[in-house]
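**Q** Mind looking at a prediction? Sequence and model below.
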Amino acid sequence: MKISILGSTGSIGTQTLEIVRDHSDEFSVAAITGNRNIRLLEEQAREFRPALVCAADEAAAMELKIRLADTDIRVEGGKDSITEAAALPEAETAVVSVVGMAGIEPTIAAIRSRKRVALANKETLVAAGNIIKKCEAEYGKCIIPVDSEHSAIFQSMLGMNDKKEIKRIILTASGGEFFGKKKEELKNITPEQALHNPNWDMGAKVTIDSSTLANKGLEVIEAKWLFGVDVDDIRVVVHRQSVLHSAVEFVDNAVIAQLGAPDMRLPIQLALTYPKRLSIPKNELDLISYGSLTFEEPDTDTFYALELAKRAGREGGQMGSTLAAVYNAADEAAVELFMKGRLSYLGISEAIEKAMERHRAAVDPSLEEIYAADKEAREIVRSL
């Protein structure tokens, strides 16, 4: 199988290349893309020899072209080059792990090119779920989720006869670094304190979002679009051990779940190989070593970013609205300000709420309306 990896220098991208390295008889790389990390892009290009390498930053692409001048690898730059990589004819699968709203148009291009899309970009479905689902309806359903929770839900639904059999989705959360603490204890939290997760090794933004439960809110909205369920049929449960990755409860009260050691290689690899499974070296799940698994209700009074996400996800029903794009953009802007010491930890959720309150949502939005809502939300948060 030939794959294009959009965001090959990030956590998901580098782990995808590990999988290619471990199963070189199964996979080859058609294209890789990044932004400014040309040192790593060059290393990856020389090892995996893709036909195309792209850097969203045009100045970085120019330097990369010089560095790779002794090879026959084509180097392109700019935002449009990422979309080109997503639709590259020789690739059968596109791994979309670029950060933020930049994932929307490449995802659309990959779907229109009738590729399998291994989606590791939350913002694409959170902000533009209505557009992505219309695209899938026209060109064929092709998205397989890479997020561990959504992959677990996907796996739990295998063999299901009809979507009407679903009673609810059970979405698990680690609870983040500050689980059990109240608002009074969180007033003076620093970025250094927030940049720790009890189970997962993630990027800074996702780690902080995990602690505020904003990340779980994004996953609720994403699950709504991936599996065609209402937000109120998705229950978030805090599971501190991160062993049961999520579950599905059916109308006969049977609950089917997927368990595994915390390891992103499993959902990434399955998204590439489904319905086939390949071996993964090491990191097997030893249930005996855990002794017990626990499940608790999230504290949505303290960590109310989750409830804000549900509000945004309800808006517009299965047609969607720009309120979800506002939620996502306001969170990104607020986390950025928190990291710079210009906003308190508790101010992250407050900023999201204020941006949502000031926005007049459009139902079933166009891509232009989604981008405009994103811009508006960032401006509101930065003006606080």
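**A** That came through, no problem. Not measured: the values here are computed from a predicted model. Numbering: from 1, shown residues only.

**Q** Looking at the residue lying closest to Ala45 once chain neighbours are set aside now. What's its pLDDT?
**A** Among residues not flanking Ala45 along the chain, Val53 sits closest, at 4.8 Å (CB to CB, 6 or more residues apart in numbering). All C-beta spots, glycine's among them, are computed from the backbone N, C-alpha and C. For Val53, the pLDDT comes out at 98.

**Q** check contacts around Ala194.
**A** Residues near Ala194 by CB atoms under 8 Å, 6 or more residues apart in numbering: Glu177, Phe178, Thr207, Ile208, Ser211, Phe338, Tyr345.

**Q** pLDDT score for Gly176?
**A** 86.

**Q** swap in the one 10 residues further on?
**A** Confidence per residue is given as pLDDT, and for Leu186 that number is 96.

**Q** ok, now which ones touch it?
**A** Leu186 sits next to Phe178, Thr302, Tyr345, Leu346 when contact means CB under 8 Å, 6+ apart.

**Q** If we use 7 Å, what do you get?
**A** Shown in contact with Leu186 (CB atoms under 7 Å, 6 or more residues apart in numbering): Phe178, Tyr345, Leu346.

**Q** distance of it from Ala194?
**A** To Ala194, Leu186 is 9 Å away according to CB to CB, to the nearest Å.

**Q** Give me the sheet partners of the helix or strand harbouring the residue nearest to Ala45 and which way each runs.
**A** For Val53, the element it lies in under DSSP states H and E is strand 52-55. Strand pairing for strand 52-55, using DSSP bridges, gives strand 28-34 (parallel), strand 74-77 (parallel).

**Q** Quick check: buried residues in the next helix or strand after the last one?
**A** Spelled out, that is strand 74-77. Toward the C-terminus, strand 74-77 is succeeded by helix 79-86 as the next helix or strand (DSSP H and E). Across helix 79-86, burial judged by 16 or more other CB atoms under 10 Å covers Ser81, Ile82, Thr83, Glu84, Ala85, Ala86.

**Q** Look at Glu249 and give its secondary structure.
**A** strand (DSSP: H, G, I helix; E, B strand; the rest coil).

**Q** so it bridges to which residues?
**A** Residues in a beta bridge with Glu249, per DSSP bridges, are Arg168, Val255.

**Q** What ranges does the stretch 151-300 of the chain have for its strands?
**A** 166-173, 234-238, 244-250, 255-259 (DSSP state E, counting those that start in this stretch).

**Q** Now the first one: buried residues?
**A** Pointing back at strand 166-173 there. Neighbour-count burial for strand 166-173, counted by 16+ other CB under 10 Å, picks out Ile166, Lys167, Arg168, Ile169, Ile170, Leu171, Thr172, Ala173.

**Q** Need the pLDDT of the residue nearest to the fifth one when sequence neighbours are not counted.
**A** Going back to what we said before, that points to Ile170. With CB to CB, 6+ apart as the criterion, Ile170 has its nearest non-adjacent residue at 4.2 Å, and that residue is Ala247. Note on Ala247: pLDDT of 98.

**Q** since we're on the closest residue to Ser210 other than its chain neighbours, how many residues are nearby?
**A** Distance criterion CB to CB, 6+ apart; nearest residue to Ser210, sequence neighbours excluded, is Gly176 at 4.4 Å. Using other CB atoms under 10 Å, Gly176 is surrounded by 27 other residues.

**Q** Tell me which residues touch Thr16, please.
**A** Applying CB under 7 Å, 6+ apart, the residues contacting Thr16 are Ile5, Val95, Ile268.

**Q** In helices, which of those fall?
**A** Per DSSP state H, helices hold the following members of these: Ile268.
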